[in-house]
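Student: just need the structure, nothing else, for what follows:
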Amino acid sequence: MIGVWTFKKILLSRPFIKILKYEYFKMKDRNSLIETKIFAIFKTNVAEKLILLLFIAGFFMLSFSKEKNENHCLRAVRIQAVNQTILVYIFWQIFSVMFVFGNGFIPILVLNIILPFIIYLVIFYSKKYKTLESRRLRRLQHRLLKPLVDLKNNQ
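Tutor: Below is the predicted model of the structure:
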């Protein structure tokens, strides 16, 4: 509860709000009929850019961090997941370019920034779960069948 109160206090403080309304140099689009300036300084809310950068950093850390017990099986799963991610992402790009038009393409562009990370994480963790379950089942079968094999060899 104290952490939430402190977080709210920081977010609602004046210096933090001034940081979010940051002036920066930006190239203006040429479709604007009101202003004719191409290069100008704008006041804008930087919170959405910070949120997107934090998403990218978080997904990057999740995607490229090692597991606690990384072995050759997990490395092979990672390589397969990267290959499948590339294929899925290419098909997604083709689909979005062919069938999304106009202003609806802008959210697709934003989604394309973090989509490869999401696809990779979903594929990797699903494959990891499947391989670990199959290895556990093989070990269990080996433990259960070993006494029977030993008994048969002793006879």
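Student: which elements pack onto the helix or strand hosting L115?
Tutor: Assigned by DSSP states H and E, L115 belongs to helix 105-154. Here helix 105-154 is seen to pack against helix 47-64, helix 72-99 when contacts are counted using 3 or more CB pairs under 8 Å, 6 or more residues apart in numbering; DSSP states H and E. Where you see a C-beta, it was placed from the backbone N, CA and C, and this is true even at glycine.
Student: state the mean pLDDT of that helix.
Tutor: Mean pLDDT, computed over helix 105-154, is 82.
Student: ok, stretch 88-98 next?
Tutor: Mean predicted confidence for stretch 88-98 is 91.
Student: quick one: buried residues of that stretch?
Tutor: For stretch 88-98, a neighbour-count test (16 or more other CB atoms under 10 Å) marks V88, W92, S96 as buried.
Student: in CSV: the helices and strands packed on helix 105-154, plus distance to Y129.
Tutor: Formatted as CSV, these follow (distance: least, CB to CB, whole Å):
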stretch, distance to Y129
helix 47-64, 16
helix 72-99, 10
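Student: these: which one's closest to F117?
Tutor: helix 47-64 (3.5 Å; CB to CB).
Student: could you list the residues in contact with that closest one?
Tutor: By CB atoms under 8 Å, 6 or more residues apart in numbering, the residues outside helix 47-64 that reach it are L20, V110, I113, I114, F117, I118, Y120, L121, F124.
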